[in-house]
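Participant: Provided below for reference: sequence and predicted model.
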Amino acid sequence: MSHARSLHPNAPLTPEGRRRMVGWVVDAGWSVTSTAERFQVDPKTVRKWRDRFLADGDAGLWDRSSRPRRSPNRTPETIRARVVELRRQRRWGAGHIGFEVGLASSTVQAILNSEGLGRLDRGDRATNTRVVQRYQRELPGELIHIDVKKLAGIPPGGGWRTRGRGYQGEKTKDRQVGYRYLHSAIDDRTRIVYSEIHDDEQAVTAAGFWRRAAVYYQQIGITPQRVITDNGSCYRSGLWHRACAATGTTPKRTRPYRPQTNGKIERFHRILLEEWAYIRPWGSEDERTAAYAGFIHFYNHHRSHGALGWATPTSIIRDNLPAMHT
C-alpha cells in the first residue's frame, strides 16, 4: 500500500495507528469499549476500522474518498462539453457561457475550473465583488464611440504562434510585415459596430472611415448625433472635424488620461483580440483579414451581450428604433 495517499484532515489516527488499535481487538481479544478507552476514541470508531480491516485487510485502514458513487444532479456531459467548447472557441466568461447553455455562472466556473480552464491566458475574468456601474444612452445614435487598435501583422506562413518562438527567419526583414490598424465605431445604446482594417491611423484614413461608418449607421436607421474619440492626432485634425460636420455629428474627445470615458470601444477591441485576432494561429494576414467580416457580422447579429441583458445588438435596434420616431 502506497503511503503517498493523503489522510482526512480530521483523522485522529494514521493507518498505522488504526492497525495497532484494531490489533488489540482482533489479535489481543480486547473489547471494543476497552480499546476505545485505550486509544481515546469513540467505540463506533473502533468498530468501523475493525470491520473494514476484517473485510479488506490493511487496505481497509485507509481513508475512502468522500465523493459519492453517483451524482444524479451532476451537469450532463453534453452540456459540460458545450461549456468547454465555448470557452476554447469563443473565449467567453462564465456569465456569458452560462446564459448560452442555461446554467448558473457559478456552475459554469466550477466546470471550467475542473477542466483546467478557469483562467484565460489573456484578460483573466477574475470574480470581483465590486458592483459594476455602467451608463448608456437612451436612444441609438446619441453617442458613437470611435477608436483605433494597432495590431501586429502576420507574415506569410504564420508568425511565432504557428511556428514557435525563435523560428528561422523570425528576425529577418522579409518577415517584418508591419502593423494593421483597426478603425472601429460602436453605438453606445445598441453596441452595433462598424469596423475596418487599414494600414495607418492618419487623419485622412480616420476621416474617410467615419464618413463610411455614418452612412452604414444611417442605412440601418441610426442617425449619429455625437462621436467621442481619444485625443489622438488624427482626431484633432481639420480633416476629422470637417468629416464630422459633413455627416451632421458633433465631435467630442475624452478627458486626458481618462480612457475609461471611451470604455465601450476599448472593451470591443479587447473582444476582438480574444475572439478573433488570437482565437487561433492564423497562417497569414490575408487569412485573418478574411475572417474579420464574418466576426463583425457574428458580433452584431448573433453574439449576446451581458450589458444588454444578453440580447444582441440588432435586437436592441429593433426594440429601440420605433421610439426614435415617436
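Facilitator: Sure thing, it's come through. For clarity, every value in this text was computed on a predicted model and none was experimentally measured.
Participant: tell me which residues of the strand or helix carrying residue 271 are tucked away?
Facilitator: Using DSSP states H and E, residue 271 maps to helix 263-272. Buried residues in helix 263-272, counted by 16 or more other C-beta atoms under 10 Å: 264-266, 268-269, 271-272. C-beta: built from backbone N, CA, C; applies to glycine.
Participant: and of the residues you listed, the nearest to residue 289?
Facilitator: residue 272 (12.6 Å; C-beta to C-beta).
Participant: my guess is that closest one meets residue 149, correct?
Facilitator: Yes - at 6.8 Å, residue 272 counts as touching residue 149 under the criterion of C-beta atoms under 8 Å.
Participant: List the residues that are in contact with both of these two.
Facilitator: 182, 184 (C-beta atoms under 8 Å, 6 or more residues apart in numbering).
Participant: Mind pulling up the pLDDT for residue 130?
Facilitator: pLDDT, residue 130: 40.
Participant: and the longest helix along the chain, what does it pack onto?
Facilitator: Across the chain, the longest stretch assigned as helix under DSSP state H is helix 203-219. On a contact count with 3 or more C-beta pairs under 8 Å, 6 or more residues apart in numbering; DSSP states H and E, helix 203-219 meets strand 144-152, strand 179-187, strand 193-198, helix 233-236, helix 238-246.
Participant: CSV please, covering these and showing mean pLDDT.
Facilitator: Below are the helices and strands packed on helix 203-219 laid out as CSV (pLDDT from 0 to 100):
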stretch, mean pLDDT
strand 144-152, 93
strand 179-187, 95
strand 193-198, 96
helix 233-236, 94
helix 238-246, 96
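Participant: Can you add distance to residue 117 and give the ones you listed back as TSV?
Facilitator: Below are the helices and strands packed on helix 203-219 laid out as TSV (distance: least, C-beta to C-beta, whole Å):
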stretch	distance to residue 117
strand 144-152	25
strand 179-187	27
strand 193-198	27
helix 233-236	39
helix 238-246	43
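Participant: Can you pull the poorly scored residue ranges out of this structure?
Facilitator: 1-12, 66-72, 120-138, 157-176, 257-261, 319-326 (pLDDT under 70).
Participant: ok, back up a step: continuing past the helix holding residue 271, what's the next helix or strand?
Facilitator: Next along from helix 263-272, by DSSP H and E: helix 285-290.
Participant: and that next one, how far from the chain's centre?
Facilitator: Computed by C-alpha atoms, centre = their mean, to the nearest Å, the chain-centroid distance of helix 285-290 equals 23 Å.
Participant: Keeping just the C-alphas, turn whichever helix or strand comes after it into PDB.
Facilitator: Remark: after helix 285-290, the chain's next helix or strand is helix 292-301, criterion DSSP H and E. Extracted in PDB, the C-alpha atoms of helix 292-301 (Å, rounded to 0.1, in the frame of the first residue of the first chain):
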ATOM      1  CA  TYR A 292     -12.900  39.700 -40.000                       C
ATOM      2  CA  ALA A 293     -16.100  40.500 -41.800                       C
ATOM      3  CA  GLY A 294     -17.600  37.200 -40.600                       C
ATOM      4  CA  PHE A 295     -16.700  38.000 -37.000                       C
ATOM      5  CA  ILE A 296     -18.200  41.500 -37.200                       C
ATOM      6  CA  HIS A 297     -21.400  40.000 -38.600                       C
ATOM      7  CA  PHE A 298     -21.500  37.500 -35.700                       C
ATOM      8  CA  TYR A 299     -20.800  40.200 -33.200                       C
ATOM      9  CA  ASN A 300     -23.700  42.400 -34.400                       C
ATOM     10  CA  HIS A 301     -26.300  39.800 -35.200                       C
END
